[in-house]
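Student: Any chance you could fold what I've pasted below:
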Amino acid sequence: MALTDIAVKSCKPKEKAYKLSDSNGLYLLVSPAGGKLWRYDFAIDKNRRTLSLGIYPVVTLQEAREAHLQARKNVAKGIDPSDLKKQAKADSEVNNANTFALWANQWLGHWRVDKAPRHIDIISRRLAINVLPALGAMPILNITAVDIANVMRAIAGRGALDVAASAYQTISQVFRYAIANDTTARITRNPATDIKPSDIIQSRPVVNQARVDIKDLPALLRAIDISETRAATRIAIKLMALTFVRTSELIGAEWNEIDLVAKQWRITAERMKMKSPHIVPLATQAIELLTTLKDLTGWSVYLFPHQHDPKKTMSNNTILQALKRMGYQGKMTGHGFRGIASTTLHEQGYTHEHIELQLAHAPRNAVSAAYNHALYLQPRTLMMQQWADYLDELKAGAKVIPITGKSA
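Tutor: Modelled structure (predicted):
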């Protein structure tokens, strides 16, 4: 008679192991120690075999029958279910060793070859801190879009929305690398493609960077001059006014980017938001500031090294704090100089393309990136010198003559 749930549950151990048969070779082996083991006896090529189907009650009677039925189907096809079980175990061991961390480290070694050291450091630390603790030990084949979404959600929950988006991009890159380089051809799809960052991360509300009105700029320029902040910080703020680069581009500047003779600052593609090189023509006033700064920080790789750790750059909060001490908290930011320059130069008739290129706003694709950074260099050089002279006139309180369209 076929077994029942009650019979399986209530059977007791005896002095010797014994069997309780179900049907078609399926039985429950009850050991003297009380263990209840599902077994299936079958024959392949006239050879007797026994297949273990699990332990009761982890595997129920119904589950044992389902596994037994599948095994019988394989036997009918001449396939030894014991061999299939061994192969599945071997596959599982390979899968468990094939972790996300393994592929992430291989990807990092491949990806970092042509990247800037600072960028490598940022991505490596973000991977180690935000991604690997959650996904590192998981077999890469087991990771789902839900797992990736949970990583992003945890990061975004700290308010680090940009880091969450960066984590998504890195995870997706690791999967693409694994698919391309998995010689076993087991890794065939990228679960990150099932979701988008916008599905998890809410967009930040657009916040305009605080900046003073052009009529208040002369007072700010004079306040910078008499400020008691460090000389290097004062120079940093003045250079932002003269060059209107992004704060990150300024504080990460390296001396090997500066050509005092050619009067140019050549920022590498890796440090630019647009990912293509950018030339900043340097007015005479900027050259004077940089010459002074060279005496202060020329020993460092960076124009603006960290005050306590020369291996790092000045904090992006340094300029904000200096402006705060001058009385401009909530009224002006380093980024605000970009807005002032853009508005004023447009109002005074300068060519839009020249202004946009100088702000590094101009759209650049992979083909044109090698050329656009030097586009309109001559008129931009003239514009930057005229802008510097204009700021000097404002600061001096002189009657300012509009510089309408002089770069065109």
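Student: Work out for me the element Gln329 sits within.
Tutor: Counting by DSSP states H and E, no helix or strand carries Gln329.
Student: Can you classify Arg49 by secondary structure?
Tutor: Following DSSP: H, G, I helix; E, B strand; the rest coil, the label given to Arg49 is strand.
Student: Which residues are in contact with it?
Tutor: Contacts of Arg49 were listed using C-beta atoms under 8 Å, 6 or more residues apart in numbering, and they are Asp41, Phe42, Ala43, Asp80, Ser82. Yep, even glycine has a C-beta here, placed from its N, CA and C like the rest.
Student: now do 7 Å
Tutor: Residues counted as contacts of Arg49 (C-beta atoms under 7 Å, 6 or more residues apart in numbering) are Phe42, Ala43, Asp80, Ser82.
Student: pLDDT weak spots in the stretch 1-150 of the chain?
Tutor: Applying pLDDT under 70 to the stretch 1-150 of the chain flags the ranges 90-97.
Student: on that earlier part again, most widely separated two among the contacts of Arg49?
Tutor: Ala43 and Ser82 (11.8 Å; C-beta to C-beta).
Student: Could you check which of these two is surrounded by more residues?
Tutor: Using other C-beta atoms under 10 Å as the criterion, Ala43 and Ser82 rank with Ser82 on top: 17 against 10.
Student: From Lys12, how far out is that one?
Tutor: 30 Å (C-beta to C-beta, to the nearest Å).
Student: ditto for Glu254
Tutor: Glu254 is 80 Å from Lys12, where distance means C-beta to C-beta.
Student: Same drill for these two, tell me which one is more crowded.
Tutor: Comparing Glu254 with Lys12 by neighbour count (other C-beta under 10 Å), the higher total belongs to Glu254, at 16 against 6.
Student: Tell me the pLDDT of the more buried one.
Tutor: Looking at Glu254, its pLDDT reads 92.
Student: just the strands in this protein please.
Tutor: Ranges of strands within the chain are 18-21, 26-30, 36-44, 47-56, 258-259, 264-267, 278-281, based on DSSP state E.
Student: Tell me which of the ones you listed sits nearest to Arg126.
Tutor: Between Arg126 and these, the tightest spacing by C-beta to C-beta is seen for strand 264-267, at 22.8 Å.
Student: What is the closest one packed up against?
Tutor: The contact analysis (3 or more C-beta pairs under 7 Å, 6 or more residues apart in numbering; DSSP states H and E) places strand 264-267 against strand 278-281.
Student: The strand it packs on packs against which elements?
Tutor: If contacts are counted by 3+ C-beta pairs under 7 Å, 6+ apart, strand 278-281 sits against strand 264-267, helix 377-396.
Student: quick one on the thing from earlier: to Ala88, which of the strands of the chain lies closest?
Tutor: Among those, strand 47-56 comes nearest to Ala88, with 12.3 Å by C-beta to C-beta.
Student: Adjacent strands (with direction) for the closest one?
Tutor: Under the criterion DSSP bridges, strand 47-56 sits next to strand 36-44 (antiparallel) in its sheet.
Student: Flag every buried residue along the partner strand.
Tutor: Lys36, Leu37, Trp38, Arg39, Tyr40, Phe42 (16 or more other C-beta atoms under 10 Å).
Student: I'd like to know how far Arg126 sits from Ile287.
Tutor: 37 Å.
Student: scratch that, Gln264
Tutor: As for Gln264, its distance to Ile287 is 10 Å (criterion: C-beta to C-beta).
Student: Check Gly334 too.
Tutor: For Gly334, the distance to Ile287 (C-beta to C-beta) stands at 21 Å.
Student: In the sheet, which residues pair with the closest residue to Asp80 other than its chain neighbours? Tell me.
Tutor: In this structure, Asp80 finds its nearest non-sequential neighbour in Ile44, 4.9 Å apart by C-beta to C-beta, 6 or more residues apart in numbering. Ile44 has these beta-bridge partners by DSSP bridges: Asn47.
Student: count of neighbours near the nearest residue to Gly339 once chain neighbours are set aside?
Tutor: What sits nearest to Gly339 in space, not counting adjacent residues and going by C-beta to C-beta, 6+ apart, is Arg211, at 4.9 Å. When neighbours are counted by other C-beta under 10 Å, Arg211 registers 21.
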